[in-house]
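Peer 1: Here is my input, please return the structure:
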Amino acid sequence: MLEARVAGRIGARAAKVWVLAGDFDGLARWIPGIVASRIEGKGIGQVRHLTIVRRGRQFAIERLETRDDAGFRLSYSIVDSSLPVTEYTSFFRLVPGPDGKTCTLDWSADFLAKAATNDEAIAFVTGAYSAGLASLQKTFGA
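Peer 2: So this is what the prediction gives:
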């Protein structure tokens, strides 16, 4: 398995950031390149259908595997996609800062490359996570 991880400080309380970042159907509001999202179902097991602009139009179908609102964490897997990864599971969490006014995003994934080299697959996931972190930092401060 390959791994990718991005972590960084966000200049707002975890609870405030979670309102946006913890919305399983809200990626199109803060992840560059995701242009549409549609949810099927509710709670654990719900599935989101993402439309992504990356080298043309792409898609990902992702299933919510775990969710802990009190701990500001969730995990999800890719069910099907045109992305350069397979057997993908992602872990997203916000860690409250010691000052109570900031938090740290810790976003990681385990996966295999699909129709790409290992380095290309890692760069794709790391790039997506870095763009998401930068977007949250732009919205909430760093």
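Peer 1: Would you confirm that Val47 contacts Ile61?
Peer 2: Yes. The pair Val47 / Ile61 is scored as a contact, 6.0 Å apart, by CB atoms under 8 Å. For glycine as for every other residue, the C-beta is placed from the backbone atoms N, C-alpha and C.
Peer 1: tell me, what's touching these two both at once?
Peer 2: Shared contacts of Val47 and Ile61, defined by CB atoms under 8 Å, 6 or more residues apart in numbering, comprise Val79.
Peer 1: so how far is stretch 76-84 off the chain centroid?
Peer 2: In terms of CA atoms, centre = their mean, to the nearest Å, the centre of stretch 76-84 is found 12 Å from the chain centre.
Peer 1: Outside of that stretch itself, list whatever touches it.
Peer 2: Under the contact criterion CB under 8 Å, 6+ apart, stretch 76-84 has outside partners 24, 47, 52, 54, 58-65, 85-86, 88-90, 92, 111, 113-116, 120-121, 124.
Peer 1: Which strand or helix spans the most far-flung residue of the chain relative to its centre?
Peer 2: Distance from the centre of the chain peaks at Asp99, with 25.0 Å (CA atoms, centre = their mean). Under the criterion of DSSP states H and E, Asp99 resides outside all helices and strands.
Peer 1: Just the CA trace of stretch 36-49, in PDB.
Peer 2: The C-alpha coordinates for stretch 36-49 follow below in PDB (Å, rounded to 0.1, in the frame of the first residue of the first chain):
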ATOM      1  CA  ALA A  36     -20.400  18.900  -8.000                       C
ATOM      2  CA  SER A  37     -21.400  16.500  -5.300                       C
ATOM      3  CA  ARG A  38     -24.500  14.400  -4.900                       C
ATOM      4  CA  ILE A  39     -25.300  12.200  -1.800                       C
ATOM      5  CA  GLU A  40     -27.200   8.900  -1.600                       C
ATOM      6  CA  GLY A  41     -28.300   7.600   1.800                       C
ATOM      7  CA  LYS A  42     -27.700   8.900   5.300                       C
ATOM      8  CA  GLY A  43     -25.200   8.300   8.000                       C
ATOM      9  CA  ILE A  44     -22.500   5.600   7.900                       C
ATOM     10  CA  GLY A  45     -22.600   3.900   4.500                       C
ATOM     11  CA  GLN A  46     -23.900   7.000   2.600                       C
ATOM     12  CA  VAL A  47     -22.300   7.500  -0.800                       C
ATOM     13  CA  ARG A  48     -21.200  10.700  -2.500                       C
ATOM     14  CA  HIS A  49     -20.800  11.100  -6.200                       C
END
